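Asker: next one to model:
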Amino acid sequence: MRCYNSQRSEFAILYGRRRIGKTFLVNKTFEGKFTFRFIGSHKAPKERQLERFALNLKEQGKLSYLPKVDSWYHAFDALQEMIKQSKTKGKKVIFFDEMPWIDTYASEFVSALEDFWNTWAALRDDILFVACGSATSWMVDKIIENQGGLHGRITSRIYLKPFTLAETEEYLRQEGCMWNRYTIAQCYMYVGGTPYYLSLMEPKKDLPQNIDELFFTPQAKLKGEIAELFHVLFKDAERYIEIVRTLVEHREGLTRKQISDITKSNGGTLSSRLENLERCDFIMGQQQYGKKKKGIIYKIVDFFTLFYFSFVEGTRPPINPYWQKKINSNAVKIWQGLTFELLVNTHVDKVIQHLGISGILTTVSAWRSERTSNMNKQRGRKDIKEDNPQKESSNQQIDLIIAREDPYIYLCEMKFSQEEYTITKEYEQKLRQRMALFREQTKTKAAFLTTFITTYGVRKNIYSDIVQLQLTLDQLFD
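Answerer: As a prediction, this is how the structure comes out:
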């Protein structure tokens with residue numbers, strides 16, 4: 001409400017992915033305070049958008065006539081006149097929702113908006129203009145990083161992110177879902193922290209029953225969600241889906257070149273698509289330890305998309321409950337183990353907090369070993385095992401590394417299990433080999449702190465001494 005109570009006109013933007021609750025938040029915040037609201041229509045031509053705008057002006061301004069608007073410049077002129085006639089005291093709240101949809105081809109909408117703000121609204125002290133949109137790339141390019149008349153004009157902006165685990169738990173509790181945190185973590189792996197998807201959960205049903213209802217029945221509510229989601233956000237949606245599907249199939253992550261080779265796309269177009277997918281929180285460009293920008297690995301980070309392309313796409317609605325039987329399969333258990341690593345990465349701030357290093361400068365990265373062939377070439381050997389038979393020649397990776405400014409590095413292992421995790425002799429040996437390989441290839445002299453992040457902790461045995469620090473699922477919820 002800072003913008004509403006200020007002594008000047010304010011230009012505020014609210015953006016974030018579709019279904020995240022942006023419109024709900026604005027409507028709740030300014031309920032009963034709107035002077036004018038307008039929602040863009042998806043794929044509607046300029047003429048239709050302007051026609052609806054004029055109708056909104058007449059209805060909301062209680063005008064006796066239908067304003068004639070044949071361009072967005074005239075539309076904003078008409079809006080000015082309506083505001084002048086408004087008897088509202090204090091701030092006049094103007095809300096444009098789904099703004100990217102309004103900006104159709106050759107519409108001159110942004111130019112008209114610039115003119116409206118700079119020549120009229122900004123010169124007053126009683127306008128609160130709220131712009132909202134799901135197409136994050138458009139909001140950033142056309143409004144936030146506008147190099148024209150809106151450059152430096154934004155007075156407030158909010159990027160609305162999905163719920164965290166803690167917020168998801170609180171929301172589900174309010175909705176009557178009395179699930180434990182293990183189940184809530186599973187739910188998060190399937191649909192993420194998107195409020196709309198969480199709102200579809202039936203409290204009287206368990207999680208597998210809910211997933212069957214939402215994805216695997218003939219009338220499943222979220223069966224066609226992916227297609228709608230991508231086509232709303234991106235013009236060439238199929239090309240974006242191709243990139244996302246490729247990253248789902250390569251959970252370990254891919255470099256830009258690898259994505260280019262697989263999808264047969266390159267140049268600035270691929271760079272733009274990757275950037276737009278990052279802006280919309282579908283993927284993440286993760287820095288590799290010890291490497292600069294060239295070493296960035298792109299990974300899928302949107303849980304809903306990951307689950308959909310892993311299990312839903314191509315699945316025909318079965319006669320019997322599908323997910324209720326599938327959930328205990330080895331394929332799902334392996335998938336959940338990998339997805340728990342993503343869950344931890346998206347809550348890495350909680351990891352840093354509970355490690356007690358929030359006040360220390362840290363960097364978060366990952367690492368994958370050099371290919372064996374490269375190492376052999378450097379050493380002039382045919383087989384790396386000739387040098388050290390205990391060293392693994394296959395590619396190794398560490399998905400979460402937290403490096404402190406001082407010479408300490410947290411090498412994180414993430415394990416999702418229904419009970420305390422047991423470290424075996426073979427796994428303990430594998431960890432030591434991986435740490436040795438990491439030190440050799442990165443040339444680091446830092447001290448290692450082996451950190452396990454698990455659901456219920458690590459079982460104490462003769463091999464668990466390799467674990468120096470532990471966090472559990474409860475601390476990710478904290």
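Asker: contacts and neighbour counts: CA atoms only from here.
Answerer: Fine.
Asker: now do the strands in the protein.
Answerer: Secondary structure of the chain (DSSP state E): strands at 10-15, 34-39, 92-97, 127-133, 156-159, 283-286, 297-300, 362-368, 397-404, 408-415, 447-454, 469-472.
Asker: could you export those as a markdown table, including mean pLDDT?
Answerer: Converted to a markdown table, the strands of the chain look like this (pLDDT from 0 to 100):
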| stretch | mean pLDDT |
| --- | --- |
| strand 10-15 | 95 |
| strand 34-39 | 96 |
| strand 92-97 | 96 |
| strand 127-133 | 96 |
| strand 156-159 | 93 |
| strand 283-286 | 92 |
| strand 297-300 | 94 |
| strand 362-368 | 93 |
| strand 397-404 | 94 |
| strand 408-415 | 97 |
| strand 447-454 | 97 |
| strand 469-472 | 97 |
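Asker: who's in contact with Leu342?
Answerer: Val301 (C-alpha atoms under 8 Å, 6 or more residues apart in numbering).
Asker: one more: Glu278?
Answerer: Here Glu278 is in contact with Met284, Gly285 (C-alpha under 8 Å, 6+ apart).
Asker: tell me which of the strands of the chain sits nearest to Val248.
Answerer: Nearest of these to Val248, taken as C-alpha to C-alpha: strand 297-300 at 6.3 Å.
Asker: helices or strands up against the closest one?
Answerer: In terms of contacts (3 or more C-alpha pairs under 8 Å, 6 or more residues apart in numbering; DSSP states H and E), strand 297-300 is packed against helix 237-249, strand 283-286.
Asker: out of those, deepest packed?
Answerer: Per-stretch averages of neighbours, counted by mean count of other C-alpha atoms under 10 Å, single out strand 283-286 among those, with a mean of 21.
Asker: Ala75: which of the strands of the chain is closest?
Answerer: That would be strand 34-39 among the strands of the chain, by C-alpha to C-alpha, at 11.7 Å.
Asker: only the buried residues of the closest one, if you could.
Answerer: By 16 or more other C-alpha atoms under 10 Å, the buried positions in strand 34-39 come out as Phe34, Thr35, Phe36, Phe38, Ile39.
Asker: ok, Gln287 - contacts?
Answerer: Contacts of Gln287 (C-alpha under 8 Å, 6+ apart): Lys293, Gly295, Ile296, Ile297, Val364, Ser365, Ala366.
Asker: most neighbours of all those, which one?
Answerer: Compared across those, Ile297 has the highest neighbour count, 22 neighbours, by other C-alpha atoms under 10 Å.
Asker: low-scoring stretches of the stretch 1-150 of the chain, by residue?
Answerer: Nowhere does the stretch 1-150 of the chain drop to pLDDT under 70.
Asker: show me where it has its helices.
Answerer: 2-5, 22-29, 46-60, 72-85, 99-102, 109-119, 136-138 (DSSP state H, counting those that start in this stretch).
Asker: generate JSON lines for those helices, with distance to Gln441 and mean neighbour count as supplementary columns.
Answerer: Shown next, in JSON lines, are these (distance: least, C-alpha to C-alpha, whole Å; neighbours: other C-alpha atoms under 10 Å):
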{"stretch": "helix 2-5", "distance to Gln441": "51", "mean neighbour count": "14"}
{"stretch": "helix 22-29", "distance to Gln441": "46", "mean neighbour count": "14"}
{"stretch": "helix 46-60", "distance to Gln441": "58", "mean neighbour count": "18"}
{"stretch": "helix 72-85", "distance to Gln441": "59", "mean neighbour count": "17"}
{"stretch": "helix 99-102", "distance to Gln441": "47", "mean neighbour count": "24"}
{"stretch": "helix 109-119", "distance to Gln441": "51", "mean neighbour count": "17"}
{"stretch": "helix 136-138", "distance to Gln441": "37", "mean neighbour count": "23"}
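Asker: can you put these in JSON lines and add distance to Val130?
Answerer: Converted to JSON lines, the helices of the stretch 1-150 of the chain look like this (distance: least, C-alpha to C-alpha, whole Å):
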{"stretch": "helix 2-5", "distance to Val130": "10"}
{"stretch": "helix 22-29", "distance to Val130": "9"}
{"stretch": "helix 46-60", "distance to Val130": "16"}
{"stretch": "helix 72-85", "distance to Val130": "14"}
{"stretch": "helix 99-102", "distance to Val130": "10"}
{"stretch": "helix 109-119", "distance to Val130": "12"}
{"stretch": "helix 136-138", "distance to Val130": "15"}
